[in-house]
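# starting from these lines, generate the structure:
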Amino acid sequence: MNRGGLQPGSFGSRRAEWLVQTPLLLGSFVGTLSNNIVNVPLKQIMGGLHVPLSLGFLVVVSFNVTFAALMPVTGWAGDHFGRRRVFCAALAALAVGSAGAAVAPNLTLLVAFRVIQGAATAAILPNVMALTTQIYGPARRGRGLGLWSAANGLGQATAPLLSGALAGWLSWRAIFWPSVPVAIIGLIAALRLVPETPPGRSAIEWRGASSITLGAGLLLSAAAMAPVGGTALIVGAPMAVAGLVSMGMYVRASHRFDPPFLPPSLLSEPSFLRSSVAVIAQMFCFAAVMLAVPLNLAAGSGVSPAAVGLYLFALPATMTVLSPLSGVAIDVFGPRRTIRLGLSILAAALAGLGVLLNHPAHASLALIALLVMAGCGVAMVQTPAATGATRSTAGRLGAGIGLFNLLRFAGSALGGCWVAAVLSSGDLYGPLFAGCTAVALVGLGATWAGTTPAAESASTEAAAI
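Predicted coordinates for the structure are as follows:
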């Protein structure tokens, strides 16, 4: 099975390519499952640990902040130590973090184990994307990333159903156990099926790497503290300033050291920039919906966790089904048109949710229809955005793929912070989703920014965002 390294087209058949990708899809699935598994039973977790919403949402955001901040470094680690090796180590760490979260006796330890889960998943995602692009090559990259996007959608679809059922039938602690065997199975499958990738020889530029990681972590942590208010807000403001200073140090280090960790100039490439803004908007809105809708259903009518999971299933299930088709749509309509249509649909769905959830007694069928609509919009943004990012110059580097995913899940973390900030002041679902709609429209507007460099070939222009 091509143990000398991954080369596009070297597996003999598309069936063999899919077999090699299977452990990667399993890793994407369990990482996404771990990210979203706490949304539906969040009220139960808060009640079991006797904490308010302003602190309980740290169970969600701690994962996202760690996940987002570490991805540039874990992407580089895959290039340096070997992508399969880092992927396998991450699956092992995810199993440990999930088992620890299941038995955590208090909020502090639960958040600590969620940090371990987030760090492990941070090492999974950029290396899965890089390995997938190697397996499929430039010509079929969109199809491979469509399957990757579907695996993410499957994790997001499974999480509300599984967590709702386990929390309802057993307890909220049971929601973490399924990730343990899935991660172990993925680890065994990766060791058997995924060819070893040769490690790189370049040393890391630690000043730039540590500055961008610290800066991202501080900025996202400061945003997470904002909804808590009080003394947390007093601490959060200096953290935000320190985060901006750290980002400035990253830019400075990138100009002083050769080679830099990740040249900032690459990040302004139109394909990378448009992809990043679009996916930030998409993930902000997706996270807000997946957190706000369960809170609304649980608070408004006392819906059981299992029933909440069934409602929420509509969005990620639609995303899962349509993500592979989104890869085909790129070839037919072009990626930018696909993203524009997706963000337009998503904005309309969010506006509808704001109107619907602002009324205590809302129609179940209307809610499901709007969640399906939102899932359609998400599917039409995620795959073309990922494809465009990996085709950019920055996206050919592990650190660049990691940064794209940092921005992607920074959007998710900020969406969670937005929900906590608005709902801490009351059941303000109208303003909450109005803000989400505005974010989707900003992402839509960004797709008209910049031009594709004339030096690029016609085929690349047709494929890039």
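# please enumerate the strands of the stretch 201-350 of the chain.
Taking DSSP state E, counting those that start in this stretch as the criterion, the stretch 201-350 of the chain carries no strands.
# where are the low-confidence patches of it?
Applying pLDDT under 70 to the stretch 201-350 of the chain picks out residues 201-203, 224-235, 299-306, 327-328, 331.
# how does it look with 80?
Within the stretch 201-350 of the chain, the segments meeting pLDDT under 80 span 201-206, 208-209, 216-217, 220-237, 239, 254-269, 297-313, 316, 320, 323-335.
# what about the helices in it?
Secondary structure of the stretch 201-350 of the chain (DSSP state H, counting those that start in this stretch): helices located at 206-225, 230-256, 270-301, 305-312, 314-333, 335-356.
# want to try a markdown table for those, with mean neighbour count as columns?
Where you see a C-beta, it was placed from the backbone N, CA and C, and this is true even at glycine. A markdown table is the format used below for those (neighbours: other CB atoms under 10 Å):
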| stretch | mean neighbour count |
| --- | --- |
| helix 206-225 | 22 |
| helix 230-256 | 15 |
| helix 270-301 | 24 |
| helix 305-312 | 22 |
| helix 314-333 | 21 |
| helix 335-356 | 22 |
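# which one of the ones you listed lies closest to residue 189?
Taking CB to CB as the criterion, helix 314-333 is the member of the helices of the stretch 201-350 of the chain that comes nearest to residue 189, at 20.5 Å.
# what angle separates the one helix or strand residue 436 maps to from helix 335-356?
Assigned by DSSP states H and E, residue 436 belongs to helix 429-446. On the basis of axes from the mean of the first three to the mean of the last three CA atoms, to 10 degrees, helix 429-446 is oriented at 170 degrees to helix 335-356.
# so how many other residues sit close to the nearest residue to residue 290 once chain neighbours are set aside?
Sequence neighbours aside, residue 39 is the residue nearest to residue 290 in space, at 5.3 Å (criterion: CB to CB, 6 or more residues apart in numbering). Neighbourhood size, residue 39 [other CB atoms under 10 Å]: 26.
# Three-state assignment for residue 39, please.
coil (DSSP: H, G, I helix; E, B strand; the rest coil).
# helices and strands around the helix holding residue 436, which ones?
Packed against helix 429-446 by the contact rule (3 or more CB pairs under 8 Å, 6 or more residues apart in numbering; DSSP states H and E) you find helix 270-301, helix 335-356, helix 398-423.
# give the contact list for the residue positioned nearest the centre of the chain.
Geometric centre of the chain, nearest residue: residue 409, 4.4 Å, by CA atoms, centre = their mean. Neighbouring residues of residue 409 by CB atoms under 8 Å, 6 or more residues apart in numbering: 64, 67, 68, 71, 283.
# follow-up on the earlier one: mind checking the helices of the stretch 201-350 of the chain for the one nearest to residue 399?
The closest of the helices of the stretch 201-350 of the chain to residue 399 is helix 206-225. By CB to CB, the value is 7.7 Å.
# what is the orientation angle of that closest one with helix 398-423?
20 degrees.
# neighbours around the closest residue in space to residue 279 that isn't next to it in sequence, how many?
Nearest residue to residue 279, sequence neighbours excluded (CB to CB, 6+ apart): residue 385, at 4.2 Å. Counted with other CB under 10 Å, residues neighbouring residue 385 total 32.
# quick one on the thing from earlier: need the helices of the stretch 201-350 of the chain in TSV with distance to residue 56, can you?
Listed next are the helices of the stretch 201-350 of the chain as TSV, based on distance: least, CB to CB, whole Å:
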stretch	distance to residue 56
helix 206-225	12
helix 230-256	14
helix 270-301	11
helix 305-312	15
helix 314-333	22
helix 335-356	22
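# indicate which one of those helices is closest to residue 30.
Relative to residue 30, the nearest member of the helices of the stretch 201-350 of the chain by CB to CB is helix 314-333, separated by 14.8 Å.
# and stretch 206-213, how far out from the chain middle?
Between the centre of stretch 206-213 and the centre of its chain there are 21 Å (CA atoms, centre = their mean, to the nearest Å).
# and for stretch 98-109?
With CA atoms, centre = their mean, you get 23 Å for stretch 98-109.
# in it, which residues are buried?
98, 100, 101, 102, 104, 107 (16 or more other CB atoms under 10 Å).
# so which of those residues is the closest to residue 402?
Taking CB to CB as the measure, residue 402 lies nearest residue 98 of these, at 22.3 Å.
# restrict the strand or helix carrying that closest one to CA atoms and write it as PDB.
In the assignment (DSSP H and E), residue 98 maps to helix 83-103. The C-alpha trace of helix 83-103 is given here as PDB (Å, rounded to 0.1, in the frame of the first residue of the first chain):
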ATOM      1  CA  ARG A  83       1.400  13.900   8.800                       C
ATOM      2  CA  ARG A  84       0.400  10.400   9.500                       C
ATOM      3  CA  ARG A  85       2.400  10.300  12.700                       C
ATOM      4  CA  VAL A  86       0.900  13.500  14.000                       C
ATOM      5  CA  PHE A  87      -2.600  12.400  13.000                       C
ATOM      6  CA  CYS A  88      -2.200   9.100  14.900                       C
ATOM      7  CA  ALA A  89      -0.900  10.800  18.000                       C
ATOM      8  CA  ALA A  90      -3.800  13.200  18.000                       C
ATOM      9  CA  LEU A  91      -6.300  10.400  17.900                       C
ATOM     10  CA  ALA A  92      -4.700   8.800  20.900                       C
ATOM     11  CA  ALA A  93      -4.800  12.100  22.800                       C
ATOM     12  CA  LEU A  94      -8.500  12.600  21.800                       C
ATOM     13  CA  ALA A  95      -9.400   9.300  23.400                       C
ATOM     14  CA  VAL A  96      -7.700  10.300  26.600                       C
ATOM     15  CA  GLY A  97      -9.400  13.700  26.700                       C
ATOM     16  CA  SER A  98     -12.800  12.200  26.000                       C
ATOM     17  CA  ALA A  99     -12.400   9.600  28.800                       C
ATOM     18  CA  GLY A 100     -11.300  12.300  31.200                       C
ATOM     19  CA  ALA A 101     -14.200  14.600  30.400                       C
ATOM     20  CA  ALA A 102     -16.700  11.800  31.100                       C
ATOM     21  CA  VAL A 103     -15.500  11.500  34.700                       C
END
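# avg pLDDT for it?
Averaging pLDDT along helix 83-103 yields 92.
# report all helices and strands that the helix or strand following it contacts.
Later in the chain than helix 83-103, the nearest helix or strand by DSSP H and E is helix 107-136. Here helix 107-136 touches helix 14-36, helix 42-49, helix 58-81, helix 83-103, helix 141-169, helix 364-391, helix 398-423, going by 3+ CB pairs under 8 Å, 6+ apart.
# for residue 258, find the nearest of these.
Closest to residue 258 of the helices and strands packed on helix 107-136, according to CB to CB: helix 398-423, at 15.3 Å.
# list the buried residues for that closest one?
Neighbour-count burial for helix 398-423 flags 398-423 (criterion: 16+ other CB under 10 Å).
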